[in-house]
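Give me a 3D structure for the following:
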Amino acid sequence: MAKPKKLRKKSASQRPSRRDGIGAGNLWLYGIHAVLAALGNPNRTIKRFAITPDTQAKLESELAEIAYQTERKIVADLIANNDLNELLPPGAVHQGIACLASALEEVYIEDILTEVGLADRAAGKKDKEDWEFQQQGRDVILILDQVTDPQNVGAILRSAAAFGAKAVITTDRNSAQPTGSLAKAASGALEKIPYIGVTNLVRALEQVKEAGFWCYGLAGEGEKTISEALPANGKIALIMGAEGTGMRRLTREHCDMLVNLPTQDSFGVLNVSSAAAVALYETARVK
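As a prediction, the model looks like this:
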């Protein structure tokens, strides 16, 4: 396997464009976990907090704890369940709670790569080619190639948060946007894991390689299982394709290796969110 390239600095003019709807405007978030996480996130500005009396009574201690921890004055707008339905998209499973919040500030792929690089230097890590560097910890990012289902992406964000991934990177277009339904599916993980859109996924793969990451694409025809292929330590990027179509050709070609999951042949394949959970677990387990 070829050694990853070193990171080259990029000018601000080369940064990717902003994702549609991120960093501008407000959106309704709903569901207990999603709303409580947003209320506790100082990077969210809460424009309106609507809750039914029954749900407020159930969450009294949680709301008090958030107010104490954030020093944020949480003013509840008590509202009937039917009136809350009218505020939200049809069929939204809100569990009696919702908030109108500012969109999260845009995070760029360069921000994550810089953060990882600074942490490496602070820990005294050496050049990527140095064996001692290989023995110190593991940084993981997840890259999604046009995964459009917000339920799947929400589940992937939950797994990424559970296993300590640094970020989830996706395409600007033909991907699930950070809407209320995705935030609900993520159960608060959208507040914890950067969800980054890029204009050109192939260029993003080149950037993470330049930053010292090994890129492993998940595919059924991978020659090795992920546990067999992973190095003992180091920086890992896991690339997942859309359900049905999988990774696109150029995405595959820019992976260092295609790997598979140790599933039974008679079972077939897992959906993308389940596959991501298993891959992240395997990455965390193999040391």
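
Would you map the helices across this structure?
Using DSSP state H, the helices of the chain run over residues 32-39, 53-58, 60-70, 81-87, 109-122, 131-134, 150-162, 180-186, 201-210, 226-229, 249-253, 272-285.

how deep is residue 73 tucked in, by neighbour count?
For residue 73, the neighbour count with other CB atoms under 10 Å is 7. Every residue, glycine included, has its C-beta placed from N, CA and C.

Can you tell me the centre-most residue of this structure?
The residue lying closest to the centre of the chain (CA atoms, centre = their mean) is residue 168, at 3.3 Å.

Report the helix or strand with the lowest average pLDDT across this structure.
The weakest-scoring helix or strand in the chain, judged by mean pLDDT, DSSP states H and E, is helix 131-134 (a mean of 40).

count of residues packed around residue 91?
Other residues near residue 91 come to 7 when the count uses other CB under 10 Å.

Same question for the one 5 residues further on.
Here the neighbour count serves as a burial measure; for residue 96 (other CB under 10 Å) it reads 21.

Could you double-check that it sits in contact with residue 54?
Yes. Under the criterion of CB atoms under 8 Å, residue 96 makes contact with residue 54 at 6.2 Å.

For residue 174, which non-adjacent residue is closest in space?
Of all residues not flanking residue 174 in the chain, residue 146 sits nearest, at 4.3 Å (CB to CB, 6 or more residues apart in numbering).

isn't residue 235 right up against residue 139?
Yes. If you go by CB under 8 Å, residue 235 and residue 139 touch, sitting 4.7 Å apart.

contacting residues around residue 100?
26-29, 46-50 (CB atoms under 8 Å, 6 or more residues apart in numbering).

Alpha carbons of stretch 168-188, in PDB - could you do that?
Extracted in PDB, the C-alpha atoms of stretch 168-188 (Å, rounded to 0.1, in the frame of the first residue of the first chain):
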ATOM      1  CA  VAL A 168     -19.100  12.700   9.100                       C
ATOM      2  CA  ILE A 169     -18.400  14.100   5.600                       C
ATOM      3  CA  THR A 170     -20.900  14.000   2.800                       C
ATOM      4  CA  THR A 171     -21.700  15.500  -0.600                       C
ATOM      5  CA  ASP A 172     -23.300  18.900  -0.900                       C
ATOM      6  CA  ARG A 173     -25.900  17.500  -3.200                       C
ATOM      7  CA  ASN A 174     -27.700  14.200  -3.400                       C
ATOM      8  CA  SER A 175     -27.300  13.700   0.400                       C
ATOM      9  CA  ALA A 176     -29.500  14.000   3.400                       C
ATOM     10  CA  GLN A 177     -29.600  17.600   4.600                       C
ATOM     11  CA  PRO A 178     -29.500  18.600   8.300                       C
ATOM     12  CA  THR A 179     -33.300  19.000   8.700                       C
ATOM     13  CA  GLY A 180     -35.500  18.400  11.600                       C
ATOM     14  CA  SER A 181     -36.200  14.800  10.500                       C
ATOM     15  CA  LEU A 182     -32.400  14.000  10.300                       C
ATOM     16  CA  ALA A 183     -31.900  15.700  13.800                       C
ATOM     17  CA  LYS A 184     -34.700  13.500  15.200                       C
ATOM     18  CA  ALA A 185     -33.200  10.400  13.700                       C
ATOM     19  CA  ALA A 186     -29.800  11.400  15.100                       C
ATOM     20  CA  SER A 187     -31.200  11.700  18.700                       C
ATOM     21  CA  GLY A 188     -28.900  14.600  19.600                       C
END
